[in-house]
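Chemist: Okay, sequence plus prediction incoming.
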Amino acid sequence: MTPPLAAGRGLFLTVEGPEGAGKSTHARRLYETLRVELPLVLTREPGGTPLGEAIRAVLLDERHRGMRPEAEMLLFAASRAQLVAEVILPALAAGTCVLSERFVDASIAYQGYGRGLPVELVRRVNEVATQGLRPDLTLLIDIEPHLGLQRARGADGKDAPAGRGDRLEQEDGAFHARVREGFLELAREDPGRFVVVNGALPRDDVHRALLEAVRRLLRDRGWSR
Ligand code: TMP
């Protein structure tokens, strides 16, 4: 493995996007490509720790249809607080980079824009959960909700009935349209941190665009030549 060129804190990268954008596939592929070049940890939210994975099961369980938006926001934040303290901050402090599938932007998009909780409230709660940590780069894989949900609920490209999938995937198209708009708004507000890639493009093209964005950051921060 090539030793890191920069000593000190690792870089924190996140991958976001609406349902069916291909986040997991692309995060895994980025991780496989980059881990031979730099010390890197791959994690996901909700989850990434034993407690977080238990919270994830509760959050996605369709039996909890009556979950209040506030309860939902706090459970996502609880999983995040554990992940930040147990995995992300120690890794960054040791000079390891972290690639996380989802982070606070997902709570702002889903619980803020999607559920209608005040965005400022979601931000405040998450200041506690993250101890103020912010990503150095956020890769937003954008996808039109109709196409994304088709992919998420059924086999790639095949039509699938609405209402299928986990508790959040089961929300209606209007919810997912607000979530997508929330992500795009966040990207517009912080163009220095976000890179938006069209998730409807062929997979290899999406991968190349994501990789290029990470490599640019690595160069800018002295992690590669
Ligand atoms: P995943 O599909 O990325 O594995 O995430 C599980 C679901 O949780 C997905 O529907 C997005 C949703 N989610 C939120 O609503 N808020 C959050 O803060 C996070 C991290 C995920």
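Modeler: Received it, and whenever you're ready, just let me know what you need.

Chemist: I'd like the distance from the helix or strand of the chain with the lowest mean pLDDT to the chain centre, please.
Modeler: Using mean pLDDT, DSSP states H and E, helix 145-153 stands out as the lowest-scoring helix or strand of the chain, at a mean of 88. Here helix 145-153 shows a centroid-to-chain-centroid distance of 17 Å under the convention C-alpha atoms, centre = their mean, to the nearest Å.

Chemist: Helix 145-153 and the helix or strand following it, what's the angle between them?
Modeler: For helix 145-153, the succeeding helix or strand toward the C-terminus, using DSSP states H and E, is helix 173-189. Interaxial angle, helix 173-189 versus helix 145-153 (axes from the mean of the first three to the mean of the last three C-alpha atoms, to 10 degrees): 110 degrees.

Chemist: quick one: average confidence on helix 173-189?
Modeler: Helix 173-189 shows a mean pLDDT of 97.

Chemist: In it, which of the residues would be classed as buried?
Modeler: If you call a residue buried by 16 or more other C-beta atoms under 10 Å, then helix 173-189 has these buried ones: Phe175, His176, Ala177, Arg178, Val179, Arg180, Gly182, Phe183, Leu184, Leu186, Ala187. In this view, the C-beta of every residue, glycine as well, is placed from N, C-alpha and C.

Chemist: roughly how far apart are the second one and Gly10?
Modeler: His176 is 33 Å from Gly10, where distance means C-beta to C-beta, to the nearest Å.

Chemist: The first one now?
Modeler: Between Phe175 and Gly10 the distance, using C-beta to C-beta, works out to 35 Å.

Chemist: Make sure Leu99 is indeed in a strand.
Modeler: Yes: according to DSSP: H, G, I helix; E, B strand; the rest coil, the state of Leu99 is that of a strand.

Chemist: correct me, but it touches Val41?
Modeler: Yes: Leu99 lies in contact with Val41 (C-beta atoms under 8 Å); the separation is 7.1 Å.

Chemist: contacting residues for the residue nearest to Asp166 when sequence neighbours are not counted?
Modeler: The spatial neighbour of Asp166 that comes closest, neighbours along the chain excluded (C-beta to C-beta, 6 or more residues apart in numbering), is Leu60 at 4.0 Å. Counting by C-beta atoms under 8 Å, 6 or more residues apart in numbering, Leu60 makes contact with Asp166, Arg167, Leu168.

Chemist: Can you show me the helices along this structure?
Modeler: Along the chain, the stretches classed as helices by DSSP state H are 23-34, 50-60, 69-83, 89-93, 104-107, 119-130, 145-153, 173-189, 203-220.

Chemist: State the pLDDT value of the residue nearest to Gly22 when sequence neighbours are not counted.
Modeler: Spatial nearest neighbour of Gly22, chain neighbours left out: Gly199 (5.5 Å); criterion: C-beta to C-beta, 6+ apart. The model reports Gly199 with a pLDDT of 97.

Chemist: Please apply the same query to the one 5 residues further on.
Modeler: Reading off the confidence values, Asp204 has pLDDT 98.

Chemist: any idea how far Thr25 is from it?
Modeler: In terms of C-beta to C-beta, Asp204 sits 11 Å off from Thr25.

Chemist: cool, and Ala94?
Modeler: Computed as C-beta to C-beta, the Ala94 to Thr25 distance reads 28 Å.

Chemist: Also Gly114?
Modeler: 23 Å.

Chemist: More neighbours: which of those two?
Modeler: Gly114 (25 against 13; other C-beta atoms under 10 Å).
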